[in-house]
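Enquirer: fold the stuff below for me.
(chains A and B)
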Amino acid sequence: KAGVTQTPRYLIKTRGQQVTLSCSPISGHRSVSWYQQTPGQGLQFLFEYFSETQRNKGNFPGRFSGRQFSNSRSEMNVSTLELGDSALYLCASSLRAGVYNEQFFGPGTRLTVL
Amino acid sequence: AQSVTQLDSHVSVSEGTPVLLRCNYSSSYSPSLFWYVQHPNKGLQLLLKYTSAATLVKGINGFEAEFKKSETSFHLTKPSAHMSDAAEYFCVVSVPYSGGGADGLTFGKGTHLIIQP
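Expert: Below is the predicted model of the structure:
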């Protein structure tokens, strides 16, 4: 069974631009969660989607948004990029709703904001 | 609210010797606790999880962890380190979504495990 895939793997943007990251979960998994990983703040939970609905949200500004499609694929969007948004963005999928269930992580998208 | 403290940012052991990675947590509710491992340029992989069943949890690759409520600890151990264990390890706490909060998963800052030959 294929694992979680994330595209693109690397991305370079400039301040003020917006970016969309994509995540395809493991087949059959309906929950997708997003995380931001930075050297300073470590790993932080962004949000969780289940059955196309945002189920849970971390403490991030409204510039960070996401959505989930009927095939469970998910996208994350960051508008008006800031230098501090440079990070590794990880996506994880799970069979059931709730981030306390076992999650399977993708390799991440490395975003660099110049 | 919940929080996780990984007591060591770096741990160095010799191959074949025991590994101990320390984690303390705080949570207002009965938590679920996890250990994840991240190898360089890879995503996270679940090592083991505690969800209020047995307090001694066995995971993959010979790792295990013991939940001690009185000490609010969830330390990760392995009897004999292998070179392939070199990686970043994260202790994670979670409580079920209450419908009103934003708890999700809370990660520790990570412990970098170094294996000396």
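
Enquirer: from here on, just use CA atoms for contacts and neighbour counts.
Expert: Fine.

Enquirer: right, and chain B sits closest to which residue of chain A?
Expert: Across chain A, the shortest distance to chain B (C-alpha to the nearest C-alpha) belongs to A:Pro107, at 4.2 Å.

Enquirer: so who does the closest residue to chain A within chain B touch?
Expert: Proximity of chain B to chain A (C-alpha to the nearest C-alpha) peaks at B:Gly43, 4.2 Å away. Contacts for B:Gly43 (C-alpha atoms under 8 Å, 6 or more residues apart in numbering or on different chains) come out as A:90, A:105-108.

Enquirer: how close does it get to B:Gly16?
Expert: Per C-alpha to C-alpha, to the nearest Å, B:Gly43 is found 26 Å from B:Gly16.

Enquirer: what's opposite the nearest residue to A:Gln54 once chain neighbours are set aside in the beta bridge?
Expert: In space, and not counting its chain neighbours, A:Gln54 is closest to A:Glu48: 5.9 Å by C-alpha to C-alpha, 6 or more residues apart in numbering or on different chains. The partner list for A:Glu48 in beta bridges (DSSP bridges) reads A:Ser33, A:Asn56.

Enquirer: pLDDT value on the residue of chain B closest to chain A, please?
Expert: With respect to pLDDT, B:Gly43 scores 82.

Enquirer: contacting residues around the closest residue to it other than its chain neighbours?
Expert: Of all residues not flanking B:Gly43 in the chain, A:Pro107 sits nearest, at 4.2 Å (C-alpha to C-alpha, 6+ apart). Going by C-alpha under 8 Å, 6+ apart, A:Pro107 touches A:4-6, A:9, A:90, B:41-44.

Enquirer: just the buried residues out of those, in ChimeraX syntax.
Expert: Only the buried entries of those go into this ChimeraX selection, using 16 or more other C-alpha atoms under 10 Å in any protein chain shown:
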select /A:4,5,6,90 /B:43,44
